[in-house]
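Peer 1: Need coordinates for the below:
(one chain, ligands or ions: 1)
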Amino acid sequence: MDKTKIIDGKMVSDLIKAKVTTEVNEIKKKNHRVPNLTIIQIGDNKASSTYIKNKKITCEKVGIICNVLTHPETITEAELLNIINQLNHDSTIDAIIVQLPLPRHINSEKIINSITIKKDVDGFTPKILGNLMLGHYQLLPGTPKGIMLLLKHYQIELAGQHVVVIGRSNIVGKPLANLLINASATVTVCHSQTKNLSFFTKQADILIVAVGQPKIITSEIIKENAIIIDVGINRDQDNKLCGDVDFENVLPKVKMITPVPGGVGPMTIAALLENILYLYYQNNNF
Ligand code: NDP
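Peer 2: Numbers count the residues shown, from 1 in each chain. Predicted coordinates for the structure are as follows:
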């Protein structure tokens, strides 16, 4: 495998984690309150439990406190709103995540919107997304931020490049497309209703894929020397973790590519850690 083509998200995220660890140690040395994250889990969705466990382990490794509040699936929307309201007003709480998906009887949008922007570490509330669109960056959603940091680390030029983003979710595709536009890229966004997807993918200098379908991108439908960012997290027939891109198949043709695992995933976590610290400093006048 040509390792020079691999965009190493794990390595870049380790650099960010080291920086966060140093900052947290400085905070501790000054005997200031330690930064913290509160994750609310409703029910016992297996995938959610894994994501939460990983976030908790990562936070604790860098010295950030992570508290997980679990509540049964039977919790009402009003009860959950009340819990969030209490956390919003607790000056010792820095950052809040409500782990999605929520049970059907709860309106996820209403719940996410109830988190104060001062603690919205995921950056999913309308005000943060609105600021992002306008180019006023304070805090950015984890995955788009992680991807932008990765592109920056590898000094990948965006101005004037044709970037094709596949996927238009509120947490990945849409915010990412806006960040790319603001970085002067020419951006095309594709989705499930796009006709003739390969017409667009073949034109991409940089192709960012956030679909959630294994091997939807093959070498036949990409441009020679393209840079590929694979956001997807899937399981293949052998239950092995894989992205949306047929990695082995496209590797000879690309200029650079992110692997799965070890590409965008670790960067999302690194961005989350940076966001927790950002909120901590905003909420405390040190
Ligand atoms: P969503 O399911 O919310 O969005 C998927 C997007 O892909 C939609 O916009 C959908 O179009 C589009 N799509 C679906 N099928 C096709 C198709 N055949 N051709 C073109 N577009 C298609 O997913 P997310 O954005 O939340 O996540 C996408 C992937 O990224 C998932 O695998 C997820 O696990 C992964 N992920 C990884 C993260 C990481 O840290 N690495 C973080 C977040 C997500 P439409 O809008 O029309 O339905």
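Peer 1: Could you use CA atoms for every contact and neighbour count after this?
Peer 2: Fine.
Peer 1: the helices in this protein, which residues?
Peer 2: For the chain, the helices defined by DSSP state H cover 9-29, 46-62, 77-89, 108-113, 126-134, 142-153, 173-182, 197-201, 247-250, 264-283.
Peer 1: can you put those in TSV and add mean pLDDT?
Peer 2: Shown next, in TSV, are the helices of the chain (pLDDT from 0 to 100):
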stretch	mean pLDDT
helix 9-29	98
helix 46-62	95
helix 77-89	98
helix 108-113	96
helix 126-134	96
helix 142-153	98
helix 173-182	98
helix 197-201	98
helix 247-250	96
helix 264-283	97
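Peer 1: can I get these in TSV with distance to Ile228 and mean neighbour count?
Peer 2: Formatted as TSV, these follow (distance: least, Cα to Cα, whole Å; neighbours: other Cα atoms under 10 Å):
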stretch	distance to Ile228	mean neighbour count
helix 9-29	13	17
helix 46-62	25	15
helix 77-89	38	15
helix 108-113	31	16
helix 126-134	23	16
helix 142-153	11	21
helix 173-182	14	22
helix 197-201	10	18
helix 247-250	9	17
helix 264-283	11	22
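Peer 1: So which of those helices is nearest the ligand?
Peer 2: In terms of Cα to the nearest ligand atom, the element of the helices of the chain nearest to the ligand is helix 264-283, at 3.6 Å.
Peer 1: right, is that closest one up against the ligand?
Peer 2: Yes - Helix 264-283 comes into contact with the ligand (Cα under 6 Å from any ligand atom), by way of Val264, Gly265, Thr268.
Peer 1: And that helix, what does it pack against?
Peer 2: In terms of contacts (3 or more Cα pairs under 8 Å, 6 or more residues apart in numbering; DSSP states H and E), helix 264-283 is packed against helix 9-29, strand 36-42, helix 46-62, strand 95-98, helix 142-153.
Peer 1: Now tabulate those in TSV and tack on distance to the ligand.
Peer 2: Listed next are the helices and strands packed on helix 264-283 as TSV, based on distance: least, Cα to the nearest ligand atom, whole Å:
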stretch	distance to the ligand
helix 9-29	10
strand 36-42	17
helix 46-62	10
strand 95-98	14
helix 142-153	5
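Peer 1: Switch the ones you listed over to TSV; also include distance to Ile227.
Peer 2: Conversion of those to TSV gives the following (distance: least, Cα to Cα, whole Å):
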stretch	distance to Ile227
helix 9-29	14
strand 36-42	34
helix 46-62	28
strand 95-98	32
helix 142-153	10
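Peer 1: Over to stretch 219-232 now: how far is its first residue from its last?
Peer 2: By Cα to Cα, to the nearest Å, the extent of stretch 219-232 from end to end equals 17 Å.
Peer 1: Run the chain-centre distance for that stretch.
Peer 2: Taking Cα atoms, centre = their mean, to the nearest Å, one finds stretch 219-232 lying 20 Å from the centre of the chain it belongs to.
Peer 1: tell me which residues of it are tucked away?
Peer 2: Ser219, Ile221, Ile222, Lys223, Glu224, Ala226, Ile227, Ile228, Ile229, Asp230, Val231, Gly232 (16 or more other Cα atoms under 10 Å).
Peer 1: Disregarding residues adjacent in the polypeptide, which is nearest to Ser192?
Peer 2: In space, Ser192 comes closest to Gly167 once its chain neighbours are excluded; the distance is 7.8 Å by Cα to Cα, 6 or more residues apart in numbering.
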